[in-house]
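[1] Starting from these lines, generate the structure:
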Amino acid sequence: MPPSDPTVAFDIQPHQATPIYRQLVEQVQRLVASGRLAPGAELPSVRAVAEAHAINPMTVSKAYSLLEAQGLLACRRGVGMVVAESVTPTSRATERLALLQPALEAVARQAVQLGIRPARALAAFEQALASLDPDKENA
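    Numbering: from 1, shown residues only. Model (predicted):
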């Protein structure tokens, strides 16, 4: 698949406590908020996502339906699901950070439970971010 295919951007973790449909919903919300999925952008078909990630098509359909109900996606006849034209990327950093806050709180709880000091947890988080940075040049 080409790198621009949104299917590749989905990071499905089947063993995570968060249901798979919720993982898809949250990832699409973040991709739209960041502008990586622009209005009018086509999403891969239910079947393509299900096959690429070996998940039930009904799970993908449920996620797409929830996103459509939220007004983030629209069904375009003959094309499939697209990002709704009325949606604009979230330009304010505070709004984008609000989408990240639940995950940060969960990781913070885990660090406290593991007895990891804040400075070490922050360093580990920075290292994880750096390893995923698409703008980082391969040295």
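[2] quick one: what helix or strand has the residue nearest to Thr18 when sequence neighbours are not counted in it?
    Nearest non-adjacent residue to Thr18, counting by Cβ to Cβ, 6 or more residues apart in numbering: Glu26, 7.7 Å away. Glycine gets a C-beta too; all of them are placed from N, C-alpha and C. Using DSSP states H and E, Glu26 maps to helix 20-34.
[3] before we move on, what about Ser61?
    Counting by DSSP H and E, Ser61 is found in helix 57-69.
[4] Contacts for that helix, please.
    Residues from elsewhere that reach helix 57-69, judged by Cβ atoms under 8 Å, 6 or more residues apart in numbering: 20-22, 24-25, 28-29, 43, 46-47, 49-50, 73-75, 81.
[5] If we only consider these, which is nearest to Arg96?
    Nearest to Arg96 among the contacts of helix 57-69: Gln29, at 10.3 Å, using Cβ to Cβ.
[6] what's the neighbour count on that closest one?
    16 (other Cβ atoms under 10 Å).
[7] Report pLDDT for it.
    pLDDT recorded at Gln29 is 90.
[8] mind starting the numbering at 53 from now?
    Got it, first residue is 53 now, which makes that one Gln81.
[9] Okay, Glu78 and Ala155: tell me how far apart.
    Separation of Glu78 from Ala155 (Cβ to Cβ, to the nearest Å) stands at 9 Å.
[10] For those two, work out which one has more neighbours and name it.
    Higher neighbour count among Glu78 and Ala155: Glu78, with 15 against 11, using other Cβ under 10 Å.
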